[in-house]
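Novice: Give me a model of this one.
(one chain, ligands or ions: 1)
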Amino acid sequence: MSSYLLRGVRPLGGDPTDLLLRDGVIAAIGPDLGSDADDETTVVDGAGLVVLPGLVDLHTHLREPGREDAETVESGTRAAAAGGFTAVHAMANTDPVADTAGVVEQVWRLGREAGWVDVRPVGAVTVGLAGERLAELGAMADSAAQVRVFSDDGHCVDDAVLMRRALEYVKAFDGVVAQHAQEPRLTVGAQMHEGDVSGVLGLTGWPAVAEEAIIARDVLLAEHVGSRLHVCHVSTAGSVEIVRWAKSRGVDVTAEVTPHHLVLTDELVRTYDPRFKVNPPLRSSSDVEALRAALADGTIDAVATDHAPHPSEDKDCEWLAAAMGMTGLETALSVVIETMVETGLLDWAGVADRMSVRPSAIGRVSGHGRAIEVGEPANLTLVDPQARWTVDPARQQTASRNTPFAGREMHGRVVATFLRGRATVLEGQPIEHRELV
Ligand SMILES: NC(=O)N[C@@H](CC(=O)O)C(=O)O
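Specialist: Residues are numbered from 1 along each chain as shown. So this is what the prediction gives:
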């Protein structure tokens, strides 16, 4: 197995040092490890580069099985590695839905074969995402995929009794229910955030209260049954207040925010460009401010991409007909650097916490989100914080082109990613390989 010597890198933005990666772990850390390198060692000049624990995404749509025209496990996980990720959670809204041990094992196995990142399948809460009866949660937890996160994402578990049962059930195997908080009756036909812009454009609004009402109910349910709740893609200032209140009461709730909700607003919908159509919708600038502040103070635990690839026929059309969703794996870290690091809201340790440590803890992912110390698994990301690059959808690794950042200059770039000591990305480019299964 090859080894790597990372010269002069800055762990969590600290003082420059060398890191030796060998046999899948961080073998040594010190000021000058050059004499420890042998012929098999690849030397990486890391001057000016920050090293982070490999990023972990709680919310990725890999689309396989069923929509391989939008993404496959192979293409989506290659995009993840390019974005600095070493583990992703694959959402359950595939076709067939990931609601049985068989489907989650299939996704898990495809992830192993691709070998870009560790794939943790998310199991559906209800059969077929239909919201009528619980899926085989225990069988998915006991499967080879060892599912710990359960979600009907794309749909809300709006039936309070089913939600209660799911929360109770997952306690047996230390699972968590990740809720897509959207009151369905309040969002029938919704096309964008309900506010001044939707009024001007005459598009049906998705009111903030549709998200907030479900979160309020769910934190009370989680408190009542003493279970773990995770809130997907929090998008409003009011949702932040409810999560903050629940945490202050000791409710075991965690929350995520997407990169796009940290930087884009509903003003973009004036373009009628479907690349800006997403669920939950882009909100107001005051919501964006509240989300950044909540991520900074830890009320929001994690950044999660909600990478939602769609083929061009579902996006290159008029607003009303377009699918909801944006890609995000390859731009997530840059958005966080621009909105959180360069603004002074988070330091590099904070980025590591919100993009690796806490997502690993929420998903119960072992071997990721660890300290950068000798003996730890070498799941690492090397970042050039000074780099600038422009997003070209045709040059991304994802099979879909629905990035909202096309043509935009991004801040900071992933230079290398290491999965258990093996480079999946070097000089910003994925390294082809195949994992033995
Ligand atoms: N986030 C999105 O806008 N889309 C998601 C599912 C969903 O949450 O609607 C998708 O699977 O495309």
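Novice: got the contact list for the host helix or strand of R112?
Specialist: Using DSSP states H and E, R112 maps to helix 101-114. Helix 101-114 is contacted from outside by 62, 64-65, 72-74, 77-78, 90, 94, 96-98, 117-121, 123, 136, 139-140, 142-145, 147, 434-435, 437, using C-beta atoms under 8 Å, 6 or more residues apart in numbering. Using the backbone N, CA and C atoms, a C-beta is placed for each residue, glycine as well.
Novice: Only the buried subset of the residues you listed, as a ChimeraX command please.
Specialist: Of the contacts of helix 101-114, the buried ones go into a single ChimeraX selection, burial set by 16 or more other C-beta atoms under 10 Å:
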select :62,64,65,72,73,74,77,78,90,94,97,98,117,118,119,120,121,123,136,140,143,145,147
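Novice: Leaving out sequence neighbours, find the closest residue to whatever residue of the stretch 51-200 of the chain ends up closest to the ligand.
Specialist: For the stretch 51-200 of the chain, the residue positioned closest to the ligand under C-beta to the nearest ligand atom is G154, at a distance of 3.6 Å. Closest residue to G154 apart from its sequence neighbours, by C-beta to C-beta, 6 or more residues apart in numbering: N93 at 4.3 Å.
Novice: correct me, but the one you found touches H61?
Specialist: Yes - here N93 reaches H61: they are 6.9 Å apart, a contact under C-beta atoms under 8 Å.
Novice: Neighbour count for these two, which is higher?
Specialist: Using other C-beta atoms under 10 Å as the criterion, N93 and H61 rank with H61 on top: 28 against 20.
Novice: Let me see the backbone angles for T299.
Specialist: phi -60, psi -40 (degrees, to the nearest 10).
Novice: Roughly how far does it sit from the ligand?
Specialist: 22 Å (C-beta to the nearest ligand atom, to the nearest Å).
Novice: my guess is that residue contacts A246, does it?
Specialist: No - contact criterion C-beta under 8 Å: T299 and A246 do not qualify, at 9.7 Å.
Novice: which stretches of the stretch 301-437 of the chain form strands?
Specialist: Using DSSP state E, counting those that start in this stretch, the strands found in the stretch 301-437 of the chain span residues 302-303, 380-390, 409-419, 422-426, 429-430.
Novice: Dump the ones you listed into JSON lines; add mean neighbour count and distance to E212 as well.
Specialist: Shown next, in JSON lines, are those (neighbours: other C-beta atoms under 10 Å; distance: least, C-beta to C-beta, whole Å):
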{"stretch": "strand 302-303", "mean neighbour count": "28", "distance to E212": "19"}
{"stretch": "strand 380-390", "mean neighbour count": "19", "distance to E212": "34"}
{"stretch": "strand 409-419", "mean neighbour count": "22", "distance to E212": "31"}
{"stretch": "strand 422-426", "mean neighbour count": "21", "distance to E212": "39"}
{"stretch": "strand 429-430", "mean neighbour count": "14", "distance to E212": "40"}
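Novice: Show the end-to-end separation of stretch 270-280, please.
Specialist: The first and final residues of stretch 270-280 sit 17 Å from each other (C-alpha to C-alpha, to the nearest Å).
Novice: Pull the residues that contact that stretch.
Specialist: 154, 182, 191-192, 197, 200-201, 206, 211, 233, 235-236, 260-261, 264, 268-269, 282, 306, 308, 315-319, 322-326, 402-404, 406.
Novice: Tell me the buried residues in it?
Specialist: Buried-residue list, stretch 270-280, by 16+ other C-beta under 10 Å: 274-280.
Novice: ok now that stretch, how far from the chain's centre?
Specialist: Distance of stretch 270-280 from its chain centroid, counting by C-alpha atoms, centre = their mean, to the nearest Å, is 20 Å.
Novice: Quick one: name the residues of the stretch 101-250 of the chain near the ligand.
Specialist: 153-154, 180 (C-beta under 6 Å from any ligand atom).
Novice: go with 8 Å
Specialist: The stretch 101-250 of the chain comes close to the ligand at residues 153-155, 180, 232-233, as judged by C-beta under 8 Å from any ligand atom.
Novice: Any chance of a PyMOL selection covering the buried ones in those residues?
Specialist: In PyMOL, this line selects whichever of these come out buried by 16+ other C-beta under 10 Å:
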select buried, resi 153+154+155+180+232+233
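Novice: one step back: tell me the one among the buried residues of stretch 270-280 nearest to R228.
Specialist: Of all these, P280 has the smallest distance to R228: 21.8 Å, by C-beta to C-beta.
Novice: Work out for me the element that closest one sits within.
Specialist: Using DSSP H and E, no helix or strand contains P280.
Novice: Good, wrapping up.
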